[in-house]
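In: Could you work out the structure for the sequence below:
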Amino acid sequence: MYVLGAGILARGIAVRGPRGVVFANLDFRVEPGSLTVVAGPSGSGRTSLLLVLSGRLRTITGELDVDGLPLPRKARMVRKLIRPARIRPGCELEERHRVREAITERRLISGTNKASVELGLELVGLDVDRSLLIGELPPEERLLLAVGLAAAPAPAGIVVDDVEAGLTQSGRARVWAALHEVSRIGMTVIASSTDRPAGDVDVVRLPAGRSYDPTAEIPLPEKVGR
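Out: Predicted structure coming up:
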């Protein structure tokens, strides 16, 4: 499986929520096929940014381009390119469903065939008893199942919220390794986390904390080395 990932360019974007502006003056660039981590404390707007980048939340200012498609005008097309694996709250696997039921549901929604689902699960290194309830799986395997199913139809990119929430150190390492594998096939992966992970990843930090200069060069996300 090889995927042509989506590139993203943001200049001075801002989002407003029920309690006011969530973040503002945010500039960054995401390279196609990269693993980019949106890092920041609780309430900094990590989930909101993932919703924006997947065409599910409108910005109030700035310019945003996903794979050549301007948002919010082309949001419907972007939603087909960037699939959510998990966005909290509202987009998570139902814990009362069995694994096989979740697979069937995602296949129907995305139009994915059985072979593609198997490739997606193999990509993230997941092999579980499909008669189990989602809620019976360890937290990292619930997340890996969601990632594998989101990757199965080979979208240009996926977004994954709260990667490290509720995971042990070994569980975190396993999930980050799987996300690296997804990006290695060319798929753009954007994941949110309170802390930046170890390893070579791109990082978009929230809050941005700087003014928007329309003449400035757009920076690449910060590289975090080992």
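
In: Can you report how many residues neighbour the closest residue in space to residue 157 that isn't next to it in sequence?
Out: Of all residues not flanking residue 157 in the chain, residue 188 sits nearest, at 3.5 Å (CB to CB, 6 or more residues apart in numbering). Backbone N, C-alpha and C define where each C-beta goes, glycine included. Look at residue 188: counted by other CB atoms under 10 Å, it has 29 neighbours.

In: Please renumber the chain so that the first residue is 18 from this point on.
Out: OK, 18 is where the count begins now, so the last one is residue 205.

In: you'd agree residue 205 is up against residue 50?
Out: Yes. Residue 205 lies in contact with residue 50 (CB atoms under 8 Å); the separation is 6.0 Å.

In: which residues of this structure fall in strands?
Out: 25-34, 37-47, 52-56, 78-83, 86-88, 99-103, 174-177, 205-210, 218-222, 239-241 (DSSP state E).

In: Dump these into JSON lines; add distance to residue 138 and mean pLDDT as well.
Out: Formatted as JSON lines, the strands of the chain follow (distance: least, CB to CB, whole Å; pLDDT from 0 to 100):
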{"stretch": "strand 25-34", "distance to residue 138": "26", "mean pLDDT": "94"}
{"stretch": "strand 37-47", "distance to residue 138": "25", "mean pLDDT": "93"}
{"stretch": "strand 52-56", "distance to residue 138": "19", "mean pLDDT": "95"}
{"stretch": "strand 78-83", "distance to residue 138": "26", "mean pLDDT": "96"}
{"stretch": "strand 86-88", "distance to residue 138": "29", "mean pLDDT": "96"}
{"stretch": "strand 99-103", "distance to residue 138": "13", "mean pLDDT": "96"}
{"stretch": "strand 174-177", "distance to residue 138": "14", "mean pLDDT": "98"}
{"stretch": "strand 205-210", "distance to residue 138": "16", "mean pLDDT": "96"}
{"stretch": "strand 218-222", "distance to residue 138": "23", "mean pLDDT": "91"}
{"stretch": "strand 239-241", "distance to residue 138": "28", "mean pLDDT": "48"}
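
In: on that earlier part again, in contact with the residue nearest to residue 174, which residues?
Out: Residue 205 is in contact with 22-25, 47-51, 53, 99, 173-175, counting by CB atoms under 8 Å, 6 or more residues apart in numbering.

In: Which of the strands of the chain sits closest to residue 112?
Out: The closest of the strands of the chain to residue 112 is strand 99-103. By CB to CB, the value is 12.6 Å.
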